[in-house]
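# Turn this into a structure:
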Amino acid sequence: MTVNIRAVETGNQATPLDPIKLYHTMLTARLTNDLLKTRKTQGHYPFYIGCAGHESMAAVVAALTDDDWLALYYRDLAAWLQRTGDIYGPLREAYSRTTGPMAAGRNMPSHYSSPQFRILPGFSEVAGHCPFAGGFGFAAKWHHSHEIVLCTTGDGGAATNDFHVLLRLAGIHQLPVLMVVEDNNWAITTTGMQWAGSLIEWAKGGRVHAEEVDGSDVIATFETTQRLVSHIRAGNGPALLHLHLGLLDPHSSSTDIRSYRKKEEIDLTAATKDPVKNFGRWLVEHAHLQDADLMRIRKEIRTELERVEQEVLGEPEPTSDRVLDHVITIPEWRENIPRGTKRQMTMLGAINEALVELAQRDPAFFVYGQDVGSPKGGVFGATASLVTQIPGRAISSPLNEQIIIGIVAGAGMYDKKARCAEIQFVDYHQSAAQTLRLAARIAYQTCGKWQTPLLIRTKSGSGGGGPISSGGAGGGAYGHSNAGEQWFTCVPGMITVCPATPFDAKGLLLEAARSQSPVVFLERGRLYRSEPPKDSDGITIPTMAQYWQVPEGYYTLPIGKARRVRIGAETSSLAIIAWGTMVLEACTAAMNRVKREGGSIQIVDLRTLMPFDQTAITAAIKEANRVIVVTEETDHTNFGRHIHSWIVQHCFYDLDCTPAFISAVAAPAAPYNAVEETAFFPTAQTIEEKIDVLLAE
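Next up is the predicted model:
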């Protein structure tokens, strides 16, 4: 066999292949793997996952350039070493040292990550990194870069929704992505059953060029990867490499390989599918090395690893005082007084304006979602102005929420600028729930080495036409009516915003785009076209009407700060904590009570649900000594219950009576018919009745 030791001369060039150096890297990976397995068995740390048999991934990375991005899975130690040359890193992470380059000792070992070396964060969730890799590829193509994104997973990973998301979006958008399925035929402890038919034909059916190769043949692996890299760099779209390997280790240090594999199969794999031994023999047969050289190199690497291990053992370990570091990043707000002409505007109009403003300020900004690029501007028309004024920035997606989130999250990680994902209805986000949770976790698990700016807009709550008190039932029903905050406010690292007025919607949306943490922007469907709240006599409440006057141009409002609205001129005798549509219902109820009985009631419009404004809530309760929490969520464990509980815990001695709680009824979602939907949600009348009870105590 001959080897083409030069890189393909197309576009960016990889470094010419040095077969001896490649062997050194692969053997280093094997010996590091053996050392770490031994130390785990000796009880030095709780977990390790082996990679013996997957060392030919070093040859795959050798066919790329240092400008290309890597999204690696947990058996890719050889790929890490080929890219970084860092033998300290895997030991530092195994021993949980703060010097660890991947997670500073915060994550389990074998989760490769490095902005410096262009390695995306890896996850324990099998193939969880795949949607993010697709977003990176999308951003690279957007910027007309020559970069390729390599994304690897195992045969089990190829069966996941995450991998299929990558395969589909890469094919649809013809992205510069090389997918490698490292097929060792053992997905955890199960052989086969990961797909039917040929993985190659599956890929080709989705406009992805695909080849397969024996991964125990290192030179064939390198040359096949060269062809695929050449295909991608020539602008011919994505490619898939089905890499057949043999896993020489158990699934992880928690698994006994003999409990699920026969001795004969284990022995045969070791004898025929060991890429390190096979490549060593090839080097001797082709006169690159002699047998004595193989032994010498092995001894030198072992000596070096023992030296490095001793050095790592002397490095600092994490301390408990950092446990809350890098959970969430709230943008530092700089006060900016809106100077543009104010016009009466709906919330939908304000959102349209904000998206155009963001696109004008950032040529890389786009909105990605179902039908957002149509002339209508999506199902609700939120991108209509963007489509008309800046063509190409509202991009219609496939009907797959995980694709939407993956594209936008990965693109944001690429250059630390938030893009906007539109999810038509909040209920539908759940197919992307894992990708969302991972996006919120990335900064924490990498100890701040990576951030994931991501803006998710979604219609939440029922129907349209304003609050039920003034607009009647909306007819949203199941799949279209969930409030949704309970799905996001419980995710550490995620910001949740729910505006009640057009003024807030525009200012908070513009500020949310500055965040380096993911932001979910809940847009209540009832408020898209609603007018300012009115009392029972049909008179607009002037305190709130001003927030339907929206300035032209750019302005922002602070994330994490509530607004306190006072109905009546006196010191308030009751505080109502609300957000979204319930702010309008609460204002109507408060105005009705004040007009009838006098006094003053204060509404705390949270605006940001997580992190919420604890100071504003506390101050309102200290003044009023009575409080109602009102939410349109169903009456189960929800965000509203969390606020109620927080008040009891932190404001108990400022209360004159038990805090009241109002929510939707304990049913799955709002029914379609008007009678039941009206009974399902709280209204101004519901709130007013509770006010009367509380103030009578």
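
# quick one: low-confidence ranges for the protein?
Residue ranges of the chain with pLDDT under 70: 1-13, 189, 474.

# May I see the buried residues of stretch 516-536?
516-530, 532-535 (16 or more other C-beta atoms under 10 Å). To be clear about C-beta, it is placed using only N, CA and C from the backbone, and glycine gets the same treatment.

# Same question for stretch 315-327.
Applying 16+ other C-beta under 10 Å to stretch 315-327 flags 318, 326 as buried.

# what sits up against it?
Stretch 315-327 has contacts (C-beta atoms under 8 Å, 6 or more residues apart in numbering) with 92, 95-99, 104-106, 443-444, 446-448, 492-493.

# hang on, isn't residue 216 packed against residue 56?
Yes. Contact between residue 216 and residue 56 holds when scored by C-beta atoms under 8 Å: they sit 7.0 Å apart.

# would you list every one of the helices in the stretch 351-500 of the chain?
Along the stretch 351-500 of the chain, counting by DSSP state H, counting those that start in this stretch, helices occupy 384-389, 401-415, 433-445, 468-471, 485-488.

# tell me the most buried of those?
helix 401-415 (a mean of 28; mean count of other C-beta atoms under 10 Å).

# Let me know whether residue 131 touches residue 411 as I believe.
No. Using C-beta under 8 Å, residue 131 is not in contact with residue 411, being 11.2 Å away.

# in the stretch 1-150 of the chain, which spans are strands?
In the stretch 1-150 of the chain, the strands defined using DSSP state E, counting those that start in this stretch lie at 69-71, 149-154.

# deepest of the ones you listed, which one?
strand 149-154 (a mean of 30).

# Now do that strand against helix 401-415, angle only.
Going by axes from the mean of the first three to the mean of the last three C-alpha atoms, to 10 degrees, strand 149-154 is angled at 130 degrees with respect to helix 401-415.

# how far away is residue 503 from residue 585?
Applying C-beta to C-beta, to the nearest Å, the value for residue 503 to residue 585 is 19 Å.

# Looking at the two, which is more packed in?
residue 585 (30 against 23; other C-beta atoms under 10 Å).

# Is that one in contact with residue 690, as I believe?
No. Here residue 585 does not reach residue 690: they are 11.5 Å apart, not a contact under C-beta under 8 Å.

# if I look at the residue nearest to residue 638 when sequence neighbours are not counted, how far off is residue 603?
Leaving aside its chain neighbours, residue 638 sits nearest to residue 486 (4.4 Å; criterion: C-beta to C-beta, 6 or more residues apart in numbering). Noted for residue 486: a distance of 22 Å to residue 603, by C-beta to C-beta.

# try residue 209
Relative to residue 603, and taking C-beta to C-beta, residue 209 is found at 59 Å.

# Neighbour count: those two, which is higher?
residue 603 (31 against 19).

# any idea how far residue 632 lies from residue 481?
For residue 632 relative to residue 481 (C-beta to C-beta), the value is 9 Å.

# shared neighbours of the two, anything?
461-462.

# more neighbours, these two?
For residue 632 versus residue 481, neighbours defined as other C-beta under 10 Å are more numerous around residue 632 (32 against 29).

# list the contacts for that one?
Residue 632 is in contact with 461-462, 483, 580-582, 663-664, 681-682, counting by C-beta under 8 Å, 6+ apart.

# is it fair to say it lies in a helix?
No. Under the criterion used here (DSSP: H, G, I helix; E, B strand; the rest coil), residue 632 is strand, not part of a helix.

# and the residue sitting nearest the centre point of the chain, what does it touch?
Central residue of the chain (C-alpha atoms, centre = their mean): residue 439, 2.2 Å from the mean position. Shown in contact with residue 439 (C-beta under 8 Å, 6+ apart): 132, 405, 409, 452, 454, 518.

# Turn these into a markdown table, columns for distance to residue 393.
Shown next, in a markdown table, are those (distance: C-beta to C-beta, whole Å):
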| residue | distance to residue 393 |
| --- | --- |
| 132 | 22 |
| 405 | 18 |
| 409 | 18 |
| 452 | 21 |
| 454 | 17 |
| 518 | 20 |
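
# Quickly check those residues for the two that are furthest apart.
Comparing all pairs in the contacts of residue 439 by C-beta to C-beta, the longest separation belongs to 132 and 518, at 12.1 Å.

# what residues are shared contacts of those two?
Joint contacts of residue 132 and residue 518 (C-beta under 8 Å, 6+ apart) are 409, 439.

# any idea how far residue 319 is from residue 96?
11 Å.

# which residues do the two both contact?
With C-beta under 8 Å, 6+ apart, residue 319 and residue 96 have no common neighbours.

# ok, now which ones touch residue 357?
Residue 357 neighbours (C-beta under 8 Å, 6+ apart): 510, 553-554.

# Go through these and give me the one with the most neighbours.
residue 510 (20 neighbours).

# Just the element for that one, please.
If you go by DSSP states H and E, residue 510 is part of helix 502-512.

# Filter the buried residues of stretch 516-536 down to just the ones in helices.
Using DSSP state H, the subset of these located in helices is empty.

# out of the residues you listed, which are inside strands?
519-524 (DSSP state E).
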